[in-house]
Every structure is written in structure tokens, then in C-alpha cells.
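Novice: Quick one, structure for this:
(2 chains)
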Number of protein chains: 2
Amino acid sequence: MIYFEDLEVGAVRELGSKTITREEILAFAREYDPQPFHTDEAAAERSIFGGLIASGWHTASIMMRLIVDGAVERAAVLPSPGFDDLRWLKPVRPGDTLTVRGGCIEKTPSRSKPWLGSARIRTEMLNQDGDVVLSVHNIAIYRRRDVAEPGAEKDDG
Amino acid sequence: MIYFEDLEVGAVRELGSKTITREEILAFAREYDPQPFHTDEAAAERSIFGGLIASGWHTASIMMRLIVDGAVERAAVLPSPGFDDLRWLKPVRPGDTLTVRGGCIEKTPSRSKPWLGSARIRTEMLNQDGDVVLSVHNIAIYRRRDVAEPGAEKDDG
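Specialist: So this is what the prediction gives:
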């Protein structure tokens, strides 16, 4: 398990990849983001994107899946309070292979809860050409290896 | 259509509601956020949440759907470059009815592209008890009613 003490500021790690399909783009967008350049190939051709692109929330959700599979399961973290500076930098198109990489850029021990610490994680998603398509700063709350939570022996799931 | 000139700083508007089901929570989480408190009711009972809760990315995606249905279709906006300060403030549980409200808190004409302006939109999602479950700042790029884009007669989809 990776605890707050184990986080190395500046180290960057790849978390895994996923190829996005046309069918997945259409299914997500019909449910959550039915703008024509996400749901309608003919309209997408005529749009500024020149073809179908994934919803930014779909891309972000794929990022979350890769973070869960590649990092959360091995990290002593609490559920995330949020994300900052979410930016969609390039269109994501059917068949693109997306890779997530992330690294701690800042870590701060909690003053009020000495068994916890907060980390700012810079996360990027790249496509198969090495272009950054999404960038974001995650706020992650880590447990400390050397300070136990008072009175808590609870299973956090 | 709502253009940059029409945005009133400080005015807040409700955009619509959606009730989230247990099945939707499980389906989204299995695909995009398979943490036990999102995918496994027994594990969720034992977690700090005391029961199944929706992935924060699911909640954000529902927000996007309500924004598309309630605002984007009537707004002269370009695709969003991103969102800031995304915060999940309260758990979202099966059967919760989520309502989105949003308002412009700042608007800035573009210096380099006089036919555009940028708006900072404060968006909140509330549950049926009036608790804010999610808050975020959207960055929205609006067209101006009174300044045409040079040479552009393109259909943006």
C-alpha cells in the first residue's frame, strides 16, 4: 500500500491505457452529453471538429477508471473531495488509445487530522500520438503509515 | 439564443432535475469507477458512507446532461475548454433527485477575438433536501451578438 509518506514529489507514473470505440462514444453521449458532435456522425462532420469526438466527461470518466485500476486499489486514500483545473485540450476520436500518467506535485500534512495528508496530483491523458488530450489536478487525501486514526478500526470498503 | 451580451452577472437559473436509480449508479460505476462503495451494496454498507453512493463522475455527467438540455441548446457557446474547482460535497444515493442551478459570476470580452467572450459560471447540484452535492465553475465561451466572426459562416453543429 502507498501511504502519504511514500509519495515522492516530482515522480511521474503511467497508469494504463484504454482504446475508445465509436460505439462507446455514442452510447455515453446519448445518455450524458447529447451535443451533435458527440452523437451524430453527419452533424459532427460539418462541425468545427470535422468528425465525431468523445464527450469530455466520457474522457474524464475513462481517466477515473484507469486511476482506479492503476492506483486507487494500491493507495491508502480516502474518497476524493474534488478535482481542479480540468481542461480538454485536444479532441478524442473513435479508435484513439488513451494513456493516463500522474505525479504528485505537492504534499501537505493535515494540521487538524495528523493521520492524514493531502496531495495535489497532476494527471494527464495522452493519445497514441503523444498529444495531451486532458489535464487536471486531483486532490487526494492519503492516510499516514506512521500515525493511526484515533479509535478507528473501520473497513473503508 | 443567449449571447455574451445577454449574460447577467449574478442572475441564477434552475436547469432541470433528474432522479438517479440504483441500477444507473451500478452500471456507471462498473464501467468507469469500480470502487466498492459504488459497485457493491454489501461493501458499501460497511464503508464510511453506510450504503451505495454514486460515482462523482456519474453525478458530474448527469449535471452535463441537465446543462445540455437546459442551457447549451439555447446558448451561442463554443465547446467548453474546461471546468474548475469541481467538488463533491455530499454523497448521492439511489433515489436522490438532483437539480442543477447555475449563474454567471464573471464575464470578460476576449481581447484577441472580439466576436467572443468568456464567462465563469457557478454551477451547483442540489438533492431533494436542498443540500448542495456538487459545485463547480464552468468556463463558457460565448459568441457576441453584435460582432460577427470574420469570414465564418460555418455550422458549428
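Novice: Pull the contacting residues for residue A:75.
Specialist: Shown in contact with residue A:75 (C-beta atoms under 8 Å, 6 or more residues apart in numbering or on different chains): A:1-2, A:140, A:142. Where C-beta positions appear, they are placed from N, C-alpha and C, glycine not excepted.
Novice: Now it. Its backbone dihedrals?
Specialist: Backbone torsions of residue A:75, given as degrees, to the nearest 10, read phi -120, psi 140.
Novice: What's opposite it in the beta bridge?
Specialist: Residue A:75 has these beta-bridge partners by DSSP bridges: residue A:2.
Novice: Contact partners for residue A:11?
Specialist: With C-beta under 8 Å, 6+ apart, residue A:11 has these contacts: A:103-104.
Novice: remind me, longest helix of chain A?
Specialist: helix A:56-70 (DSSP state H).
Novice: For the contacts of residue A:75, which two are the farthest from each other?
Specialist: A:1 and A:140 (13.7 Å; C-beta to C-beta).
Novice: Of the contacts of residue A:75, just the buried ones, PyMOL syntax please.
Specialist: Command for PyMOL that selects the buried part of the contacts of residue A:75, burial taken from 16 or more other C-beta atoms under 10 Å in any protein chain shown:
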select buried, chain A and resi 140+142
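Novice: possible to save the contacts of residue A:75 as TSV with distance to residue B:94 and pLDDT?
Specialist: What follows is the contacts of residue A:75, written out as TSV (distance: C-beta to C-beta, whole Å; pLDDT from 0 to 100):
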residue	distance to residue B:94	pLDDT
A:1	30	91
A:2	32	93
A:140	26	94
A:142	29	95
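Novice: Going along the chain, name the helices of chain A.
Specialist: Going by DSSP H, chain A shows helices at A:22-32, A:36-39, A:41-46, A:56-70.
Novice: TSV for those helices, including mean neighbour count?
Specialist: Shown next, in TSV, are the helices of chain A (neighbours: other C-beta atoms under 10 Å in any protein chain shown):
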stretch	mean neighbour count
helix A:22-32	18
helix A:36-39	22
helix A:41-46	15
helix A:56-70	22
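Novice: Now tabulate those helices in a markdown table and tack on mean pLDDT and distance to chain B.
Specialist: What follows is those, written out as a markdown table (pLDDT from 0 to 100; distance: least, C-beta to the nearest C-beta, whole Å):
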| stretch | mean pLDDT | distance to chain B |
| --- | --- | --- |
| helix A:22-32 | 97 | 4 |
| helix A:36-39 | 94 | 4 |
| helix A:41-46 | 94 | 5 |
| helix A:56-70 | 96 | 4 |
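Novice: CSV for those, including distance to residue B:28?
Specialist: Shown next, in CSV, are the helices of chain A (distance: least, C-beta to C-beta, whole Å):
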stretch, distance to residue B:28
helix A:22-32, 9
helix A:36-39, 17
helix A:41-46, 24
helix A:56-70, 8
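Novice: between those, which one is nearest to residue A:85?
Specialist: Each of the helices of chain A has some distance to residue A:85 by C-beta to C-beta; the shortest is helix A:56-70, at 12.3 Å.
Novice: Name the residues that touch that closest one?
Specialist: A:14-18, A:20, A:24-25, A:28-29, A:32-33, A:86, A:88, A:92, A:98-100, A:102, A:123, A:125, A:133-134, A:136, A:138, B:28, B:31-35, B:55, B:57-58, B:60-61, B:64, B:80, B:82.
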